[in-house]
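Novice: quick check, what structure comes out for this input:
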Amino acid sequence: MAARGETEVEELDAAAAVPWMSKTTVSISPAPGVTDPESVLLVKLGAIGDVLMLLPAAQRLYQSGARVDWVCGAVVAPLLGMYPWVNRIEVDERELFQQGKAGQVRSLGKLWRRLAGRRYDLVAVMQYDRRYELLARVVRAGRRVRLEREVRERMLIDGRWHANEYARVLGLRADAYSPEDAGENMRLARPDLVPKLRVEIALPPITGRRVAMVPAGAKNVMREGALRRWPLKNYVALTRVLLARGYEVVLTGSAEDGWVRESFGHLLDRGAGVRDLIGRTSLPELVAVYDACDAVVTHDTGSLHVAGVSHAAVLAIFGPTNMGNFLPRRERVRGVWGGQRLACRPCYDGREFAACARNVCMEDVGVDRVVAELESLLEEQAAAR
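Specialist: Next comes the predicted model:
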C-alpha cells in the first residue's frame, strides 16, 4: 500500500512471460481462409519501438518461407540491417514529412520507382493513418492489410503487447485463446548481426556490475513525448546511489539527448565511474553496448525496445503509456508503472498525450523503489546463472 500522499506503483515481471528469443524455424497456422504468403511487403517507417515489436511477426513470416521486403524510415534502417533476411526499402521520413509538398513528391517518386511493377502476396501497412497506403499504391497485391481503429481484426487492442497484436492483425495468431499457441507471447527477434564495439566506446569486462541508463529519449521525427520521461533528477540521484554501491554506470542516448549532461555535472569527470556514450553509438552499436551491461534502466522510449533484444536485464518505468502495450516480454524484464490510483492514467491514446503540465505518474516512482527493483532483478539474474 502506498504511503500517505503517494500513489501506488504497479509492477509487472515479464520473467515468466515468454522463453528467451529463438531463431528456430516454426510452423505457422494462419487464420482461417489465409494461406501462407510467399512474398510480403511491410510498410512501417518507425518509430524504433514499433519496428522492433513488428519484427517478431516479420520473422515468423520469413521462417514460413516468405520473402520479407520492408518500407522503412532512415532512422530505423540500420537497426533492420541487423536482420539480413529483411530487404530494406528506405524512405527519408524527414523529406516525406517535413519538407512540404515538394518533399513529399520527391520522396514518393523515388520510392515508387523502386516499387513499380512488383507484386506481393501480402502488402501490410502497419499504420493507422491511411495516407501511408500511398507508399505501396504502385504495387500489386494478392491481399492488403492496414491498421484500422474501427475494426477489431485490424486494430491493436489496448493492454495487449503490440508484438502479439501485430502478429494477430497479420493472421499469425488468434484473437482468443488458442491451443495452437497456448496463449504464449511472440518471441523477440534477437539480431543476427551485432557489431563489435569500436575501441573508443568499448566496454571491457569488469568484476562488478554495470548498469546502463537512458535519461532522455522519448522523441522521434514526428513528435516528442516528454511526459514519458522519468524525471532527470531521479536518474542523477540513481547514478549517485549506484556509484556509492560500486556499480559502473553507462549513459546512453542519441546525439539530440546531449542536453542532459549538465545535470550530471562532476559525475561525468574522468574516473568517477560513469561512461558517457550519449550520441556516440549507432542503433546497432547500442545493442552491443547493452549486451555488455548487466541491466538497463529506462522509461518508455525506443531504447527500451533495443534493450529488449539485448542480453541485459531491463527495468522499465511507465506512467502515461500503457505498460501492457509496450513492455518487452522475455526473461529478466520488469516494469514499474506509476500512478496506479490516478484516474488520468494512462493518458496516451496512440497518438497524443493529455495536456498535462506535470507527469505525476512518473514522479511517483521513487529512486529507492527503482534501486530495490533493480537489485532484486540482478539477484534473480545471478541466481539463474
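
Novice: every contact and neighbour count from this point should use C-alpha atoms.
Specialist: Noted.

Novice: helices of the stretch 201-350 of the chain, start to end?
Specialist: Here the stretch 201-350 of the chain has its helices, by DSSP state H, counting those that start in this stretch, at 232-244, 261-264, 283-291, 302-308, 323-326.

Novice: ok, residues contacting the second one?
Specialist: The list of residues contacting helix 261-264 from outside it, by CA atoms under 8 Å, 6 or more residues apart in numbering, reads 232-233, 236, 268.

Novice: now the third one
Specialist: With CA under 8 Å, 6+ apart as the contact definition, helix 283-291 has outside contacts at 76, 78-79, 82, 194-197, 202-203, 212, 252, 296, 306-307, 309-312.

Novice: what are the C-alpha coordinates of that helix, in PDB please?
Specialist: Provided in PDB are the C-alpha atoms of helix 283-291 (Å, rounded to 0.1, in the frame of the first residue of the first chain):
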ATOM      1  CA  LEU A 283      21.500   1.800 -33.100                       C
ATOM      2  CA  PRO A 284      23.300  -1.500 -33.900                       C
ATOM      3  CA  GLU A 285      26.100  -0.500 -31.600                       C
ATOM      4  CA  LEU A 286      23.600   0.300 -28.800                       C
ATOM      5  CA  VAL A 287      22.600  -3.400 -28.800                       C
ATOM      6  CA  ALA A 288      26.200  -4.300 -28.300                       C
ATOM      7  CA  VAL A 289      26.500  -1.700 -25.500                       C
ATOM      8  CA  TYR A 290      23.600  -3.200 -23.700                       C
ATOM      9  CA  ASP A 291      24.900  -6.700 -24.200                       C
END
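
Novice: for the chain, longest helix please?
Specialist: The longest helix of the chain (DSSP state H) is helix 367-384.

Novice: point out where the stretch 151-300 of the chain drops to low pLDDT.
Specialist: Within the stretch 151-300 of the chain, the ranges that satisfy pLDDT under 70 run 218-224.

Novice: where along it do the strands fall?
Specialist: Applying DSSP state E, counting those that start in this stretch to the stretch 151-300 of the chain gives strands spanning 210-214, 248-251, 274-276, 295-299.

Novice: can you pull the buried residues of stretch 332-352?
Specialist: Neighbour-count burial for stretch 332-352 flags 332-340, 345-348 (criterion: 16 or more other CA atoms under 10 Å).

Novice: got the end-to-end distance for that stretch?
Specialist: 30 Å (CA to CA, to the nearest Å).
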